[in-house]
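*Asks:* For reference, the sequence and a predicted model appear below.
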Amino acid sequence: MFEVFFPIAIMWLMYIGVGVLAFQFLQTREKIKVVSESPAYIWSVSFLIGAGIVTLGEFVLSLIKVPFWISLCGFGAITLYSLFLYRHTLCSPTRKPQTIFTTLFWVGTAIMMFFFFTRSMSRVTYTWDSIAFWTPKMFALWSDQTVHLEGLRNFNHPEYPLLLPLTGANAFTVVGEYNEVSAKAVIFGFSLALFLLIGNALLTQKSSKLKKVFWMVLFLSIFIVREHVAGEYVGTADIFVGTYFVAGTIALLKKHRLIALVLWLFAAWSKSEGLVFAGVTTFLLFLSYPSLRKWIVLSFAAIAVPWQLFTKLSGLGSQYFAFGSLYARPWIEYAVYSVHAFREEFRNLQKWNLVFFFFLAQSFATIKRIAQHKELRIIYAGLTVQLLSYMVIFTIAPEEQASFIAAAISRLTLHLAPTALVITAYLFSQEFHAKHQKT
Amino acid sequence: MMHKLAALVPLLGWFYFTIGGYAIFSWITKDKFSFMKRVFFVVFGLYATMLSFQSLRSEVMLYKETRKTLFDTFYQKISYEAGTYYDMYYHAFRLAMPNGKYVIHLEDVPTRELHYARMYLYPDSVFIVDHVPAVAGNFGIVRESTKSAIVKQSDTILIYGGKQLIRVKGAQ
């Protein structure tokens, strides 16, 4: 029990404590009142931002030879200060009274979270990517207590960012030993944040109770989500990317633009694929909100640039970017096959239930409304470019195409699925709301 | 007209055909769309609910398996997944290696074992080889039963779990 609950207590508190400080800072820049938000939203967003800041801070400090344990002590002090300062923000009761419906909604979600958590805790890591590089990187970082280029080069994908490995290494540091169960326990905080955010987003929408339950049940039951949350199907960083995408989406739909930006930028710190979405949305936010341009540029420079700079200067590149091989292969056939693969993936009901069915149907049906909605335009542009980038990677990667697609496509689609579900629910609720306003 | 539409069903599949139909209907018949939409959602909502409950049921049923190992210690849990590698590389060979960063050659192991060895023997670098190179000072992990020339030229540092950690003799 110590190996599970002690690291959870320390690391979750640290991530939330550091995150809420950043959260308050960002909302002051935007002049929005976060206090009016529910604790589920504040805790989840604080956790996600805090996790990003702590791990990115550890990485940057390690470049000037500060060991992780010293960084953690520093962040611990910041956490104490922050929790003392913002205890009312974090612990304030929701402005709206809890109804029987919301209580049952959260009890149902908590029951499913219990099953996910226990399944995750019943095993150590066992999937291929976990064994090949995610867990070994945690081990190496914990053992070195600093980021060593040779340490990263020792394992596959040294160019992947370090949010997940450093979170695991922090768990090892807190318990004082290599213990995969501790790492998994801390990592479960991201899953909890994901479900709290989506649940909260659904509850705050202006739609019927039945629809809210429907969308939540649909999301909780998605096979690929369950496997990544509870079974770690193939490495767990993919669910991080999906989590940061959807968290930013929910924030932007609430008009919390800087918070959305920071969350999306941390998707690029979760896995290399997140950089495409982060880049596109940063650019569009920059164009759309002139008053925030200074903060958008600063946030991008502070969050997305350090790791990119480090990998470029160290010569760590992705094995999947091989444009040269395009000349040597029938690339039109490869591109068509990539499109076909995603077409098949979206309609795979065993993996995704009907999430993409509802998403595509509602997106096409309300295309005019999406085009007129500034925030939705940005989100859809990010999703579209992200999807196109996967198709391009499937076309140009030097791997054997069919087996590469078979191994990766569900994980890549997972990046998009939570956002697709939340947008679909949002579009439905907006339509319902608009209809009622007319009558 | 209808038979042309029907020909699209096998081409697109019911999934994309319905999406297309739903979208087109919503664009051209705004007034009647509300009823159409209700039908659409009753049908597919029920289908999605059925799929969801099947999935959630399978998740709940997994708890029977989960419970068996849930309260086991980390050592027990890792024993079920990779116990041999954990004991051999992390506890035995790692502790037997001298301080510093060395290259260790692993003879004839599966890729899964190579990944575990790389992790547990870190910061030493681990490479998979057909035969340990006959260079003085080289480390290698070979089967205990191996009687090759290189084993004869080496000091055996530790024998564990049917494997031996060797170091090629001679000045480095």
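*Replies:* Yes, it's here.

*Asks:* how about the strands in chain B?
*Replies:* B:103-107, B:125-129, B:139-143, B:154-160, B:163-168 (DSSP state E).

*Asks:* Is the second one in proximity to chain A?
*Replies:* Yep, that's strand B:125-129 we're talking about. Yes. Strand B:125-129 lies within reach of chain A by Cβ under 8 Å from any Cβ of the partner chain, at residue B:125. Quick note: C-beta positions are derived from backbone N, CA and C, even for glycine.

*Asks:* ok, which residues in the stretch 1-150 of chain A are in contact with chain B?
*Replies:* So far as Cβ under 8 Å from any Cβ goes, the stretch 1-150 of chain A lies against chain B at A:3, A:112, A:115-116, A:118-119, A:121-126, A:131-132, A:135-136, A:139-140, A:143-144, A:150.

*Asks:* Looking at chain B, which helix is longest?
*Replies:* The single longest helix within chain B, with elements called by DSSP state H, is helix B:33-61.

*Asks:* So which elements touch that one?
*Replies:* Using 3 or more Cβ pairs under 8 Å, 6 or more residues apart in numbering or on different chains; DSSP states H and E, the elements in contact with helix B:33-61 are helix A:100-121, helix A:209-221, helix A:223-226, helix A:355-365, helix B:2-28.

*Asks:* Going by neighbour count, list what's buried in stretch A:374-381.
*Replies:* Across stretch A:374-381, burial judged by 16 or more other Cβ atoms under 10 Å in any protein chain shown covers A:375-376, A:378-380.

*Asks:* Let me have those residues in TSV, adding distance to residue A:11, pLDDT and secondary structure as columns.
*Replies:* Shown next, in TSV, are the buried residues of stretch A:374-381 (distance: Cβ to Cβ, whole Å; pLDDT from 0 to 100; DSSP: H, G, I helix; E, B strand; the rest coil):
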residue	distance to residue A:11	pLDDT	secondary structure
A:375	32	95	helix
A:376	35	96	helix
A:378	32	97	helix
A:379	30	97	helix
A:380	35	97	helix
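
*Asks:* How about the residues of the stretch 251-400 of chain A by chain B?
*Replies:* Counting by Cβ under 8 Å from any Cβ, the stretch 251-400 of chain A sits next to chain B at A:343, A:346-347, A:349, A:353-354, A:357-358, A:360-361, A:364-367.

*Asks:* Tell me, how many residues neighbour residue A:31?
*Replies:* Residue A:31: 7 surrounding residues under other Cβ atoms under 10 Å in any protein chain shown.

*Asks:* likewise residue B:96?
*Replies:* Residue B:96: 11 neighbours (other Cβ under 10 Å).

*Asks:* Look up how far chain A lies from it.
*Replies:* Residue B:96 sits 17 Å away from chain A, taking Cβ to the nearest Cβ, to the nearest Å as the criterion.

*Asks:* Bridged to the nearest residue to that residue once chain neighbours are set aside, which residues?
*Replies:* Residue nearest to residue B:96 in three dimensions, not counting chain neighbours: residue B:158, with 4.2 Å by Cβ to Cβ, 6 or more residues apart in numbering or on different chains. Residue B:158 has these beta-bridge partners by DSSP bridges: residue B:165.

*Asks:* so residue B:158 touches residue B:93, yeah?
*Replies:* Yes. Counting by Cβ atoms under 8 Å, residue B:93 is a contact partner of residue B:158 at 6.4 Å.

*Asks:* Identify the contacts common to those two.
*Replies:* residue B:165 (Cβ atoms under 8 Å, 6 or more residues apart in numbering or on different chains).

*Asks:* Pick out whichever of the two has more residues nearby.
*Replies:* Relative neighbour count places residue B:93 above the other of residue B:158 and residue B:93, with 24 against 15, counting by other Cβ under 10 Å.

*Asks:* Low-confidence stretches in chain B?
*Replies:* Along chain B, segments meeting pLDDT under 70 span B:1-2, B:5, B:31-33, B:170-172.

*Asks:* Pick out the residue in the stretch 301-439 of chain A sitting closest to chain B.
*Replies:* residue A:364 (3.4 Å; Cβ to the nearest Cβ).

*Asks:* Assess the claim that residue A:243 and residue A:418 are in contact.
*Replies:* Yes. Using Cβ under 8 Å, residue A:243 is in contact with residue A:418, at 6.9 Å.

*Asks:* Compare these two (neighbour count), which wins?
*Replies:* residue A:243 (30 against 27).

*Asks:* tell me the SS of that one?
*Replies:* helix (DSSP: H, G, I helix; E, B strand; the rest coil).

*Asks:* tell me which element residue A:371 is part of?
*Replies:* helix A:367-372 (DSSP states H and E).

*Asks:* Quick one: mean pLDDT over that helix.
*Replies:* Mean per-residue pLDDT for helix A:367-372: 92.

*Asks:* can you check stretch A:165-183 too?
*Replies:* Mean predicted confidence for stretch A:165-183 is 94.

*Asks:* Show me what it is in contact with.
*Replies:* For stretch A:165-183, the external contacting residues (Cβ under 8 Å, 6+ apart) are A:2-4, A:6-7, A:10-11, A:51, A:54-55, A:58-59, A:68-69, A:72, A:121, A:124-125, A:134-135, A:137-139, A:141-142, A:145, A:185-187, B:74, B:77-78, B:90.

*Asks:* could you dump it to CSV, C-alpha only?
*Replies:* The C-alpha trace of stretch A:165-183 is given here as CSV (Å, rounded to 0.1, in the frame of the first residue of the first chain):
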residue,chain,number,x,y,z
PRO,A,165,9.6,9.0,-18.0
LEU,A,166,10.2,11.8,-15.5
THR,A,167,6.8,11.2,-13.8
GLY,A,168,7.8,7.6,-13.4
ALA,A,169,11.3,8.6,-12.2
ASN,A,170,9.8,11.0,-9.7
ALA,A,171,7.7,8.1,-8.3
PHE,A,172,10.8,6.0,-7.9
THR,A,173,12.6,8.9,-6.2
VAL,A,174,9.7,9.4,-3.8
VAL,A,175,9.6,5.8,-2.7
GLY,A,176,13.4,5.5,-2.9
GLU,A,177,13.5,2.4,-5.2
TYR,A,178,12.7,1.1,-8.6
ASN,A,179,9.1,0.2,-8.3
GLU,A,180,6.8,0.1,-11.4
VAL,A,181,3.7,0.0,-9.3
SER,A,182,4.5,3.4,-7.8
ALA,A,183,5.0,4.8,-11.2
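
*Asks:* Tell me the buried residues in it?
*Replies:* For stretch A:165-183, the neighbour count (16+ other Cβ under 10 Å) marks A:165-175, A:178-183 as buried.
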